[in-house]
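Sharing a model that was predicted from the sequence below.
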Amino acid sequence: MSAPPRSASLRQAQWQPHVLALNAPQGYVPWLTEDGSLTARLKAHSASFRVQCLHQRVERCLSDEAVAIGMHRPGRVWEREVLLRCDNTPAVFAHTVVPMSATAADWPLFSALGERSLGTTLFGDPLVRRGVLEFARLREGHPLARRARAALGPDAPDAHLLYARRCLYQRRRGSLLVTEVFLPAVLELIKTSKNKR
Ligand SMILES: C=C(O[C@@H]1C=C(C(=O)O)C=C[C@H]1O)C(=O)O
């Protein structure tokens, strides 16, 4: 099978289950592999936490997430993108997609989340099944790297390698894929949290 054209490979990340393969900065690993809610961890490491909802609308899913959410090819999904802000500094850019086949019975709270954290609806719901975490380094050309930088505006860091993780959640007959892109500010949170010990 011929390799995808170079532009296609730039738009796709190599998602894998082994965080150590990323060679991420040491401080990142416990955050990337956080088993609980990332919201809870961010709240514990900051004086104020806010979910800034960038949009929630129907979009076409990314080429490297279609199969993960059970679609044969990229198609229409509900897409939610947010910045998680710690002490008003963006720490995580999060991108969530839900196939249009899902019903309100599958994800009853998703459509009206607004600036409440998605995590508060996923963790603690006995019907939600969480899949395995996958990890990737996002190249500058990856759509989520581009969107994260666009969301940061003039404060966007220089061409940093962005480390990301994603996880598939299932509830009744619905799937929901959450991808979290760790912004360089998380490293500052990690350093300050270490200094507080
Ligand atoms: C899944 C969680 O929810 C967080 C909040 C999100 C949102 O509000 O859209 C998206 C991703 C997460 O970082 C979590 O807290 O672990």
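Nice, thanks for sending it over. Residues are numbered from 1 along each chain as shown.

measure stretch 44-64 end to end?
32 Å (Cα to Cα, to the nearest Å).

Same question for stretch 101-111.
Stretch 101-111 has its terminal residues 14 Å apart, counting by Cα to Cα.

How about stretch 146-162, which residues are buried there?
Of the residues in stretch 146-162, those buried by neighbour count under the rule 16 or more other Cβ atoms under 10 Å are 147-149, 151-152, 160, 162. Yep, even glycine has a C-beta here, placed from its N, CA and C like the rest.

average pLDDT across that stretch?
Mean per-residue pLDDT for stretch 146-162: 85.

Could you dump the buried residues of stretch 146-162 into TSV with distance to Thr96 and secondary structure added?
Supplementary listing: the buried residues of stretch 146-162 in TSV, determined by distance: Cβ to Cβ, whole Å; DSSP: H, G, I helix; E, B strand; the rest coil:
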residue	distance to Thr96	secondary structure
Arg147	13	helix
Ala148	14	helix
Arg149	19	helix
Ala151	14	helix
Leu152	19	helix
His160	23	coil
Leu162	17	strand
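
if we look at the ligand, which of these are close to it?
With respect to the ligand, and counting by Cβ under 6 Å from any ligand atom, no part of the buried residues of stretch 146-162 is in contact.

Dihedrals phi and psi, the closest residue to the ligand within the chain?
Among the residues of the chain, Gly119 lies nearest to the ligand; the distance is 2.2 Å by Cβ to the nearest ligand atom. With angles defined as degrees, to the nearest 10, Gly119 sits at phi -60, psi -30.

residues in contact with it?
Each residue near Gly119 by Cβ atoms under 8 Å, 6 or more residues apart in numbering is listed here: 37-40.

Which ones among those residues lie within strands?
Assigned to strands by DSSP state E, none of the contacts of Gly119 qualify.

ChimeraX command to pick out the buried ones of those?
To isolate the buried ones among these in ChimeraX, judged by 16+ other Cβ under 10 Å, type:
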select :37,38,39
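
Return only those of the contacts of Gly119 found close to the ligand.
The residues of the contacts of Gly119 that also fall near the ligand, by Cβ under 6 Å from any ligand atom, are 37-39.

what are the phi and psi angles of Ala13?
phi -100, psi 160.

Val58 belongs to a helix, doesn't it?
No. When DSSP: H, G, I helix; E, B strand; the rest coil is applied, Val58 is found to be strand, with no helix at that position.

Name the nearest residue to it, ignoring sequence neighbours.
Using Cβ to Cβ, 6 or more residues apart in numbering and skipping the chain neighbours, the partner closest in space to Val58 is Arg76 (5.6 Å).

Just list whatever residues bridge to the one you found.
Per DSSP bridges, the residues bridged to Arg76 are Arg60.

Let me see the confidence value for it.
Among the per-residue scores, Arg76 holds a pLDDT of 97.
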